[in-house]
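>>> Here's my sequence, what's the structure:
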Amino acid sequence: MDIKRAKQEIMDAVKAYLIRDEDGEYLIPSIRQRPILLMGPPGIGKTQIMEQIARECRIGLVAYTITHHTRQSAVGLPFIREKQFGGETFSVTEYTMSEIIASVYEKMERTGLSEGILFIDEINCVSETLAPAMLQFLQCKTFGNQKVPEGWLIVAAGNPPEYNKSVREFDTVTLDRIKMIEVDADYGVWREYAYQAGIHPAVLSYLELRKEYFYRMETTVDGKMFVTARGWEDLSQFLYACERIGKSVDREVVHQYIQHWKIAKDFANYLELYDKYKKDYGLEGIVEGIYTKTAVERVKFASFDERLSIVGMLTGKLNELFREAYREDAYVTRLFEYLKRYKACQNLDTVIAQAQGDYENLRKGELLSRLENQIWRRAIDMLERYRLLNQKEYLEKEAAFERVRKEFQKEVSGREACVNRAVQGLEYGFDFMEAAFGDSQEMVSFVTELGSGHYSIWFLRENECDRYYKYNKGLLFDERQEAILKQLDEIENHLDRGLNESN
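As a prediction, this is how the structure comes out:
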């Protein structure tokens, strides 16, 4: 299955394992809460979905890559303790608490979260000395002589043998005690994540043209060559940084992330074209309604790859506007929530303390994404600015609230301006697409991409766009109809062949 379906399966298991009965006991007892084992190629996001699941389920997460551990750190160190049996004293070997189990308890104390996930990566690649401990861990939920705390679920991940020479097969006894989920790399699923994560438009537009280059594992006479989702995401972050410092990225730099020389070279060449297209067509200006008739005429005679690249770059720019609109809306909404409390209690100090407490609880629990953390900090900073303003002008109660209300209207206006830029940018985008492509396949691609991104979906739900719905209903219906007719033709041809054979 793909990683998106795997994430949902794990979330369903978490909810099922953590539900309690009328007596407050877990409905599924711990002994029946099977550890989950994710098996799939490296670099497809197994660790990332665990972080997402923990945040969305509001539970803790402790993650370990077990290949970084020795038997002593995983199981604990032995020590001698004297005990009496039958009136005689004996020296008995015991073990200190496992570093991994201790980390779970430390997480509980630090975050206040009593339930969570213990995630062990590369579990089938452990050393020979640690292998028995891993089997005991999966079968008995213990490291050494310490059990995993109640309410903490075990999820492990491993790589199939074709990706790692150190892989050890699990025996039937172990396999009969786990939930096995096999995952594969899937570009369509990763693309949904990529839009939300803000993957560089050059990467997305390239992979739209070269979907077969999204994930590769090859063994050649020159050694292993590979490309992973992790590689594309890390390269994306580096591309953004290079743009900030004015550094160009050549094929040698790309190869540091995309360790497949042919694909690295191809993407590096595409990057040069990407920059050229941006200049030639003035793509930065299209979302502001600035483009020339020459650019429109030129794109009509461009190659297919060039045309799709332009569509990808345009949707990438629009997604930046949608993401910014989302951030502004979330920030103003969060700020408004605490201003409502301020109106009710007329004490801004109290409200700021509440906001800081709420934020700290989420931060300590590691339940905030990077974007959510930014939104929280910005809202609290603005509340503190309001307090300083009131203190500076010696305002109290109703007068102070009225002053804050007027200041808040500036933030509301900022949000409206941001949303309007995105609304207008989308309209300008459709203007260009209609002028350059009409009702062509490129328009289908444009509309499809708008309906695929996390932030574009949110934006279209919050802000109506008649042309999007017109094309979505018309062009995509025609595409579905064409697919249905093609299937009917295939069925008819199959039946004709059957009749001819029978005659």
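
>>> would you list every one of the strands in the protein?
Counting by DSSP state E, the chain has strands at residues 36-39, 60-65, 78-85, 88-95, 116-121, 142-143, 146-147, 152-158, 179-182, 216-220, 223-227.

>>> Pull up the pairing partners for the fifth one, direction included.
Each strand that strand 116-121 pairs with, and the sense of that pairing, follows from DSSP bridges: strand 60-65 (parallel), strand 152-158 (parallel).

>>> Let me see the residues that make contact with the longest one.
For strand 152-158, the surrounding residues in contact (CB atoms under 8 Å, 6 or more residues apart in numbering) are 10, 13-14, 17-18, 33, 35-40, 46-47, 50, 60, 62, 104, 115-125, 137-138, 141, 148, 167, 178. Using the backbone N, CA and C atoms, a C-beta is placed for each residue, glycine as well.

>>> Quick check on those: which are buried?
Buried members of the contacts of strand 152-158, scored by 16 or more other CB atoms under 10 Å, are 10, 13-14, 17-18, 33, 35-40, 46-47, 50, 60, 62, 104, 115-125, 137-138, 141, 148, 167, 178.

>>> where in the stretch 1-150 of the chain is pLDDT low?
Applying pLDDT under 70 to the stretch 1-150 of the chain flags the ranges 67-74, 127.

>>> swap that for the chain, please
Residues of the chain that meet the criterion pLDDT under 70 lie in 67-74, 127, 161-167, 474-503.

>>> again, only this time at 50
Confidence mapping of the chain against pLDDT under 50 gives the ranges 477-485, 488, 491-492, 495, 499, 501-503.

>>> Give me the most central residue, it.
By CA atoms, centre = their mean, the chain has its centre lying nearest to residue 193, at 5.0 Å.

>>> which residues does that one contact?
By CB under 8 Å, 6+ apart, residue 193 lies in contact with 4, 45.

>>> For residue 49, which non-adjacent residue is spatially closest?
residue 7 (4.3 Å; CB to CB, 6 or more residues apart in numbering).

>>> And residue 373, by the same measure?
Using CB to CB, 6+ apart, the closest residue to residue 373 is residue 363 (7.0 Å).

>>> you'd agree that neighbour is up against residue 372?
No: Residue 363 is not in contact with residue 372 according to CB atoms under 8 Å; the separation is 9.7 Å.

>>> Am I right that residue 453 is in contact with residue 319?
Yes: using CB under 8 Å, residue 453 is in contact with residue 319, at 5.3 Å.

>>> Using the centroid of this structure, identify the residue furthest from it.
Distance to the chain centre peaks in the chain at residue 87, reaching 60.7 Å (criterion: CA atoms, centre = their mean).

>>> Residue 140 versus that one, what's the distance?
32 Å (CB to CB, to the nearest Å).

>>> Over to residue 416?
59 Å.

>>> and the strands paired with strand 116-121 as a markdown table, adding distance to residue 240?
A markdown table is the format used below for the strands paired with strand 116-121 (distance: least, CB to CB, whole Å):
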| stretch | distance to residue 240 |
| --- | --- |
| strand 60-65 | 26 |
| strand 152-158 | 28 |
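
>>> of all the ones you listed, which lies closest to residue 309?
Nearest to residue 309, of all those, is strand 152-158, at 35.4 Å by CB to CB.

>>> What residues sit buried inside the closest one?
Buried residues in strand 152-158, defined by neighbour count with 16+ other CB under 10 Å: 152, 153, 154, 155, 156, 157, 158.

>>> Pick out whichever of those residues sits closest to residue 183.
residue 157 (9.0 Å).

>>> Domain parsing of the protein, as residue ranges.
Per automatic domain parsing, the domain ranges recorded for the chain read 3-74+103-184, 186-281, 287-503.

>>> Next, format these as a markdown table and append distance to residue 91.
Formatted as a markdown table, the domains of the chain follow (distance: least, CB to CB, whole Å):
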| stretch | distance to residue 91 |
| --- | --- |
| domain 3-74+103-184 | 17 |
| domain 186-281 | 49 |
| domain 287-503 | 43 |
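
>>> Reformat the strands of the chain as JSON lines; add distance to residue 173.
Converted to JSON lines, these look like this (distance: least, CB to CB, whole Å):
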{"stretch": "strand 36-39", "distance to residue 173": "14"}
{"stretch": "strand 60-65", "distance to residue 173": "23"}
{"stretch": "strand 78-85", "distance to residue 173": "26"}
{"stretch": "strand 88-95", "distance to residue 173": "24"}
{"stretch": "strand 116-121", "distance to residue 173": "18"}
{"stretch": "strand 142-143", "distance to residue 173": "16"}
{"stretch": "strand 146-147", "distance to residue 173": "19"}
{"stretch": "strand 152-158", "distance to residue 173": "16"}
{"stretch": "strand 179-182", "distance to residue 173": "14"}
{"stretch": "strand 216-220", "distance to residue 173": "31"}
{"stretch": "strand 223-227", "distance to residue 173": "33"}
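
>>> and residue 411, which of those is closest to it?
Smallest distance to residue 411 across the strands of the chain (CB to CB): 33.5 Å, for strand 60-65.

>>> outside of the closest one, which residues touch it?
Contacts for strand 60-65 (CB under 8 Å, 6+ apart): 47, 50-51, 53-54, 100, 103-104, 107-108, 111, 113, 115-122, 152, 365-366.

>>> Apply 6 Å and report the result again.
For strand 60-65, the external contacting residues (CB atoms under 6 Å, 6 or more residues apart in numbering) are 54, 100, 103-104, 107, 111, 113, 116-122.

>>> Adding distance to residue 289, write the residues you listed out as a markdown table.
Listed next are the contacts of strand 60-65 as a markdown table, based on distance: CB to CB, whole Å:
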| residue | distance to residue 289 |
| --- | --- |
| 54 | 44 |
| 100 | 57 |
| 103 | 55 |
| 104 | 56 |
| 107 | 52 |
| 111 | 49 |
| 113 | 50 |
| 116 | 50 |
| 117 | 49 |
| 118 | 54 |
| 119 | 49 |
| 120 | 54 |
| 121 | 49 |
| 122 | 52 |
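
>>> For the stretch 1-150 of the chain, just list every one of the helices.
3-18, 46-57, 71-75, 99-111, 131-140 (DSSP state H, counting those that start in this stretch).

>>> Of all the ones you listed, which one is nearest residue 337?
Nearest to residue 337, of all the helices of the stretch 1-150 of the chain, is helix 46-57, at 19.5 Å by CB to CB.
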